[in-house]
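# how does the following fold in three dimensions:
(one chain, ligands or ions: 2)
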Amino acid sequence: MKEMTIGVIGGSGLYAMEGLEDVREEKVGTPYGDPSDLLVTGRLGDVRMVFLPRHGRGHRLLPSEVNFRANIYALKKLGVDQVISVSAVGSMKEEIVPGHIVIPDQFFDRTVARNSTFFGEGIVGHVQFADPVCGRLAAILAQSAREVGATVHEGGTYLCMEGPQFSTRAESRIYRGWGVDVIGMTNSTEAKLAREAELCYSTIALATDYDCWYEGHEDVSVEAVVALIQQNVAMAKDIIAAAVKCLAGERTCSCGMALQYAIMTDRALIPAATREKLAVIMGKYLS
Ligand SMILES: CSC[C@H]1O[C@H](OP(=O)(O)O)[C@H](O)[C@@H]1O
Ligand SMILES: Nc1ncnc2[nH]cnc12
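Ligands and ions are numbered 1, 2, ... in the order given. A predicted model of the protein is given here:
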């Protein structure tokens, strides 16, 4: 059996992972350009881990500037099977109080300026995305969050906006009317690419604010988000440490077969350059 490798993509406020042993930093090249930073590999207990800060160390990249394709490619290249994303989110529901954890099970993509597929350049594919999150990984993250004492909302819709500006009050009210639970700027793109790369994907979303819809509560600001993250980043790390213990066994989900029936293009017609570019992501389907 292949040794499971767990990837962690750290979001706003999570730029490093302490507690790893055998730590190494790797610069990983990809056909899509550079990932957000060096990738950090190591072991947490018995489990092989790879960590990547989504916005780079020091938070240098806008959500729209994050090279999501390079990030997912680099994780896959280093053998990652399951991706735990950590993200700051605005709460769109009163009961999701800043400081609570949400494990979203749906995404609503409102982004407009992202490369969100590995397909193209002579190969067409359509993965199923009705359930965009790995159910097994999500359940383990929710259970782990409860174990460390977090208040957890299991399931919920994450609306992914382009940013970088926060929403207007009109947008925020309309999103609430749509029934979304939380709002952020990064996860839809990542989840789409993770699915195409046959990686499990689920998010520990930390509610940091009530966006700007809730009268009587402060409107979202970087200051408020950062303060809330600083209070809760240790909890996010504890959730990861608890979850990793349950993730070493073989995957029982279908994430690792997401491309089995997804590729439309006659294999004989896929250009050699595209075949080569995609070898790490889907090489097993291209022969
Ligand atoms: C600092 S507030 C806005 C910023 O925070 C979230 O980032 P991430 O998902 O990487 O934790 C949100 O998506 C925005 O990028
Ligand atoms: N209100 C909000 N909107 C978008 N992204 C966020 N990240 C944290 N809070 C946010």
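
# and the residue nearest the centre of this protein?
In the chain, the C-alpha nearest the mean C-alpha coordinate belongs to residue 85, at 3.7 Å (Cα atoms, centre = their mean).

# in the protein, which residue sits closest to ligand 1?
With Cβ to the nearest ligand atom as the measure, residue 11 is the residue of the chain nearest to ligand 1, at 2.4 Å. Bear in mind the C-beta positions are built from the backbone N, C-alpha and C, glycine included.

# is the strand or helix carrying residue 108 anywhere near ligand 2?
Residue 108 belongs to strand 106-109 when elements are defined using DSSP states H and E. No: with Cβ under 6 Å from any ligand atom as the measure, strand 106-109 is seen stopping short of ligand 2, the closest distance being 12.9 Å.

# mind giving me the packing neighbours of the longest helix seen in the chain?
Looking across the chain with DSSP state H, the single longest helix is helix 222-244. Under the contact criterion of 3 or more Cβ pairs under 8 Å, 6 or more residues apart in numbering; DSSP states H and E, helix 222-244 touches strand 39-44, strand 82-91, helix 135-147, strand 200-209.

# rerun at 10 Å
Contacting helix 222-244 under the criterion 3 or more Cβ pairs under 10 Å, 6 or more residues apart in numbering; DSSP states H and E are the following elements: strand 5-10, strand 39-44, strand 47-53, strand 82-91, strand 101-103, helix 135-147, strand 200-209.

# next SSE after the first one?
From strand 5-10 onward toward the C-terminus, using DSSP H and E, the following helix or strand is strand 21-26.

# tell me the strands beside that following strand, with direction?
On the basis of DSSP bridges, the sheet neighbours of strand 21-26 come out as strand 39-44 (antiparallel).

# relative to strand 5-10, how tilted is the strand it pairs with?
120 degrees (axes from the mean of the first three to the mean of the last three Cα atoms, to 10 degrees).

# what comes into contact with strand 39-44?
Contact partners of strand 39-44, identified using Cβ atoms under 10 Å, 6 or more residues apart in numbering, comprise 5-8, 10, 16-17, 19-28, 48-53, 57, 71, 74-75, 77-80, 240-241, 243-245.

# returning to what we had before: reformat the helices and strands packed on helix 222-244 as JSON lines; add mean pLDDT and distance to residue 215.
Shown next, in JSON lines, are those (pLDDT from 0 to 100; distance: least, Cβ to Cβ, whole Å):
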{"stretch": "strand 5-10", "mean pLDDT": "98", "distance to residue 215": "33"}
{"stretch": "strand 39-44", "mean pLDDT": "98", "distance to residue 215": "43"}
{"stretch": "strand 47-53", "mean pLDDT": "98", "distance to residue 215": "35"}
{"stretch": "strand 82-91", "mean pLDDT": "98", "distance to residue 215": "14"}
{"stretch": "strand 101-103", "mean pLDDT": "98", "distance to residue 215": "22"}
{"stretch": "helix 135-147", "mean pLDDT": "98", "distance to residue 215": "30"}
{"stretch": "strand 200-209", "mean pLDDT": "98", "distance to residue 215": "14"}
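
# residue 182 is nearest to which of those?
Proximity to residue 182 (Cβ to Cβ) singles out strand 82-91 among those, at 3.9 Å.

# work out the gap between that closest one and the centre of the chain.
Strand 82-91 sits 6 Å away from the centroid of its parent chain (Cα atoms, centre = their mean, to the nearest Å).

# could you do stretch 175-187 as well?
Centroid separation between stretch 175-187 and its chain, computed with Cα atoms, centre = their mean, is 15 Å.

# from what I can see residue 242 touches residue 148, true?
Yes: distance between residue 242 and residue 148: 5.8 Å, which falls inside the contact criterion (Cβ atoms under 10 Å).

# quick check: buried residues in stretch 173-183?
By neighbour count with 16 or more other Cβ atoms under 10 Å, stretch 173-183 contains the buried residues 175, 176, 180, 181, 182, 183.
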